[in-house]
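> Generate a structure from the sequence data that follows.
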Amino acid sequence: MGNDGELDVVDVRLGARLAELRSERGWSLGELAERSGVSRSTLSRAERAEISPTASLLNRLCAVYGRTMSQLLSEVEAEPVPVVRAAEQTVWADEASGFVRRSVSPPHAGLRGELVEGGSGPAPTSPTTGRPCPAWSSTSGSSTERWR
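You can find the predicted model right below:
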């Protein structure tokens, strides 16, 4: 939920996608709870967008559904444009852990890979330049094809 008590659009789409994945497999909330180790009530609240799922919760569900978190989040993000400026890139944050994930090149069905950046906490600043240190985050890429 957003800070003003309204449902967050991404949380609503994410909850709907989570419910769809469960339904595709013909699982009840109880079955998914057993497979994931997440309580039925938490799963239900996440599917109804009553809570914003944490990175830990999404990681457990992604493992059960056999997909990466990037794949899951890409399924609920808006259709990407060819170039996304830094100020317009999708950022997902887990407030509980401080983890932040930014889609540098958002995944898309028509692309063969994606690039995401992740880090936790604010970037430390250089005492000499006063600018953020680049070591704060890690950037990784993945591909749907084998690397050659």
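> show me the contacts for the residue sitting nearest the centre point of the chain.
Central residue of the chain (Cα atoms, centre = their mean): Leu73, 4.4 Å from the mean position. Counting by Cβ atoms under 8 Å, 6 or more residues apart in numbering, Leu73 touches Leu14, Leu58, Thr90, Trp92, Arg101, Ser103. Every C-beta, even on glycine, is put in place using the N, C-alpha and C of the backbone.
> isn't the second one right up against Arg67?
No. Using Cβ atoms under 8 Å, Leu58 is not in contact with Arg67; the gap is 10.3 Å.
> neighbour-wise, which of the two wins?
The neighbour comparison of Leu58 against Arg67 (other Cβ atoms under 10 Å) goes to Leu58, with 18 against 14.
> so how far is Thr68 from that one?
10 Å (Cβ to Cβ, to the nearest Å).
> Give me the distance between the closest residue to Ala19 other than its chain neighbours and Val38.
Nearest residue to Ala19 in three dimensions, chain neighbours excluded: Glu47, at 4.2 Å (Cβ to Cβ, 6 or more residues apart in numbering). Distance of Glu47 to Val38, given as Cβ to Cβ: 11 Å.
> more crowded one of those two?
Between Glu47 and Val38, counting by other Cβ under 10 Å, Glu47 is the more crowded of the two (22 against 19).
> which residues sit against stretch 51-58?
Residues outside stretch 51-58 that contact it (Cβ under 8 Å, 6+ apart) are 1, 8, 11, 14, 18, 38, 42, 45-46, 61, 69, 72-73, 94, 96-97, 99, 101.
> Is it possible to mark the buried ones in these?
Buried subset of these (neighbour count, 16 or more other Cβ atoms under 10 Å): 11, 14, 18, 38, 42, 46, 61, 69, 72-73, 94, 99, 101.
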